[in-house]
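Undergrad: sequence unavailable; structure follows:
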């Protein structure tokens, strides 16, 4: 079944088959695609694209793309557009990117962000390596937040 699953008003997730259905993308108003794979195709529409060249392997470094992708999703949404994040099956890589976005820009914990993505697309299941990287990212975001907030002592 071809479908785009809505995570927020400006963020959708799917597998590559759905992502390459131009009618589906047009119907949902998708203006930007993040393709989290080395080999999956981009849709035929003339829209913004970003490739995150990783395989669905626990040893792959997806962490280094979290900030860039989260910021791109945020920027597209702020400009009134909609981002679709996809990988081959729409389960591990794309789910990890969407979870990272919710943690950074919606200030959700890893658990809350993941549950939100899973409620939109029940098939999601980041591999153990990506889950570890998301845990690391959560800690990184927390320490950034602490550095950014002014100290109240003294």
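TA: That came in fine, so what should we check first? What you are looking at is a predicted structure, and each value in this text was computed from that prediction instead of being measured.

Undergrad: just the strands from this protein, written as ranges.
TA: Counting by DSSP state E, one finds strands in the chain at the ranges 5-8, 11-15, 32-35, 48-51, 83-87.

Undergrad: quickly compare the ones you listed and say which is most buried.
TA: With neighbours defined as mean count of other C-beta atoms under 10 Å, the strands of the chain peak in mean count at strand 83-87, which reaches a mean of 27. To be clear about C-beta, it is placed using only N, CA and C from the backbone, and glycine gets the same treatment.

Undergrad: that one vs strand 11-15, what angle?
TA: Taking axes from the mean of the first three to the mean of the last three C-alpha atoms, to 10 degrees, one finds strand 83-87 and strand 11-15 inclined to each other by 30 degrees.

Undergrad: what average pLDDT does strand 83-87 get?
TA: Strand 83-87 carries an average pLDDT of 98.

Undergrad: in the sheet, which strands lie alongside that strand, parallel or antiparallel?
TA: Sheet neighbours of strand 83-87, with direction, are listed as strand 11-15 (parallel), strand 32-35 (parallel) (DSSP bridges).

Undergrad: and the helix ranked longest in the chain, what's buried?
TA: Longest helix in the chain, counting residues (DSSP state H): helix 128-148. Judged by neighbour count using 16 or more other C-beta atoms under 10 Å, the buried positions of helix 128-148 are 129, 130, 131, 133, 134, 137, 138, 141.

Undergrad: from the residues you listed, pick the one nearest residue 86.
TA: Within the buried residues of helix 128-148, the smallest distance to residue 86 is 15.1 Å, found for residue 130 (C-beta to C-beta).

Undergrad: wait, residue 65 sits on residue 52?
TA: Yes: under the criterion of C-beta atoms under 8 Å, residue 65 makes contact with residue 52 at 4.8 Å.

Undergrad: joint contacts of these two?
TA: Residues touching both residue 65 and residue 52 by C-beta atoms under 8 Å, 6 or more residues apart in numbering: 36, 97.

Undergrad: so residue 12 versus residue 27, what's the distance?
TA: Separation of residue 12 from residue 27 (C-beta to C-beta, to the nearest Å): 11 Å.

Undergrad: do residue 133 as well
TA: 33 Å.

Undergrad: can you check residue 41 too?
TA: Taking C-beta to C-beta as the measure, residue 41 falls 19 Å from residue 27.

Undergrad: how many neighbours does residue 18 have?
TA: Burial measure for residue 18: 21 neighbouring residues, criterion other C-beta atoms under 10 Å.

Undergrad: alright, calling it a day.
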